[in-house]
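K.L.:
show me the folded form of this:
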Amino acid sequence: MTKTDKGAAIEQLKERFENNEFFYIADASTLDAERTTELRRMLFAKGISMQVVKNTLARKALEQLPVENNYSAVFDTLKGPTALLFTEVANAPAKVLKEFRGKDGERPILKAAYIASAVYKGDDQLDNLAKLKSREEMLSDLVTLLQSPMQNLLGALNSGGSKVAGLLKTLEERGA
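P.N.:
Numbers count the residues shown, from 1 in each chain. Okay, the predicted model is just below:
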């Protein structure tokens, strides 16, 4: 790889890191071609892209980004074979990795996950990451919580209205 090619690869990675607030670092090195293709298909179906990278290029790309993003916390995981998983849904890669591994293996191994400036290190974090709620799930829960008191109020008003109407009808019948 020439110096120009390395510079272009670093710029491409830098752009991907800037455009994705969620990414995972994994090791899928022992998978054969068939299993790797299967993993890529599963990831693609969920809108996740997988890119095998050289650790030094990924590190240089991350070093060029703003310090406040805390990317330095993942530097020590950039060793050995590395695949980057870029996503727009924070928990999607974890769910796909769990599903894929559930079939018959322990690969790919999660090295780290960067979720909106929080870093989760180690394969033992996979379950925690899979349980994270996506932005859409959180908004749905919030709307449900906000609707619940209003639905209770409307239900009480409706049932109270029918009780008052029934009471008036009964009083009217007694008076007649």
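K.L.:
C-alpha from now on. contacts and neighbour counts both.
P.N.:
Noted.
K.L.:
tell me which helix or strand the nearest residue to V52 once chain neighbours are set aside sits in.
P.N.:
In space, and not counting its chain neighbours, V52 is closest to A83: 4.1 Å by Cα to Cα, 6 or more residues apart in numbering. Per DSSP states H and E, A83 falls inside strand 82-87.
K.L.:
now do the same contact list for the residue nearest to V52.
P.N.:
By Cα atoms under 8 Å, 6 or more residues apart in numbering, A83 lies in contact with 25-28, 50-53.
K.L.:
are any of those residues buried, and which?
P.N.:
25-28, 50 (16 or more other Cα atoms under 10 Å).
K.L.:
least confident pick among those residues?
P.N.:
The lowest pLDDT within those belongs to A28, which sits at 89.
K.L.:
phi and psi next, for the closest residue to that one other than its chain neighbours.
P.N.:
Nearest non-adjacent residue to A28, counting by Cα to Cα, 6+ apart: P108, 4.2 Å away. With angles defined as degrees, to the nearest 10, P108 sits at phi -70, psi 150.
K.L.:
thought P108 was touching I25?
P.N.:
No - look at P108 against I25 with Cα atoms under 8 Å: they stay out of range, at 9.9 Å.
K.L.:
please enumerate the shared neighbours of the two.
P.N.:
Common contacts of P108 and I25, defined by Cα under 8 Å, 6+ apart, are absent altogether.
K.L.:
and G166, which helix or strand is it part of?
P.N.:
Counting by DSSP H and E, G166 is part of helix 135-175.
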